[in-house]
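Chemist: Everything below, folded, please.
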Amino acid sequence: MRPTPANPTAWNTYLAEGNATQARKRVAADVILRHPDGRILLVNPTYKPGWDLPGGMSEANEAPDDTARREIKEELGLDIIRLRLLVIDWVPPHGPWDDQIAFIFDGGTLAPDQAAAIHPHDEELSELRFTAPAHAVGTLPGRLSRRFAAALQAGAEGMPRYLRDGAPLV
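Modeler: This is a model prediction of the structure:
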């Protein structure tokens, strides 16, 4: 017999068993940060090849926007308060990885003194640079490049986008 909410202990045990068997998603949250002249901040991670947007992977039970803020603080020493959602991208399983949900948030434009002083704050980044948005599209790898281009469009149009593997749904 299935428990009911009338027996809270049995009900919570039942729900916990269901929760343990449901799929878990990896969650990534990246941030677009702009130089006052409009260039975009790219970072060069030490743990994987190629350039990336600042951000990273969520910890257990961490909201994506909190992930973005935490990663920006850890990697760049910046406190970003306001974030605007640009993209949610479902990424299918690839290589050894299960599927994931990837977010891109707009972190706004840095103050001139922030842009001038920004540097990597931990060992996860070897360098960073500001680059023109069009150049960033060509610099970022595969699906991230498509996700970034969609994020730029979403920002210009003022409407977030949902993607599947970097491509908008038609």
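Chemist: How many neighbouring residues does residue 50 have?
Modeler: Residues near residue 50, counting by other Cβ atoms under 10 Å, number 12. For every residue, glycine as well, the C-beta is placed using N, CA and C.
Chemist: Can you pull out the low-pLDDT segments for the chain?
Modeler: Counting by pLDDT under 70, the ranges of the chain that qualify are 170.
Chemist: make it 90
Modeler: Scanning the chain for pLDDT under 90 picks out the ranges 1-25, 81, 94-95, 97, 142, 169-170.
Chemist: where along the chain do the helices fall?
Modeler: Counting by DSSP state H, the segments of the chain that form helices are 8-21, 64-76, 112-117, 133-139, 142-157.
Chemist: what's the closest of the ones you listed to residue 86?
Modeler: Nearest to residue 86 among the helices of the chain is helix 142-157; the distance by Cβ to Cβ comes to 4.0 Å.
Chemist: now the closest one, how far from the chain's geometric center?
Modeler: Distance of helix 142-157 from the chain centroid (Cα atoms, centre = their mean, to the nearest Å) equals 12 Å.
Chemist: Please tell me how far the residue nearest to residue 5 when sequence neighbours are not counted sits from residue 2.
Modeler: Closest residue to residue 5 apart from its sequence neighbours, by Cβ to Cβ, 6 or more residues apart in numbering: residue 11 at 5.0 Å. From residue 11 over to residue 2 the distance is 9 Å, taken as Cβ to Cβ, to the nearest Å.
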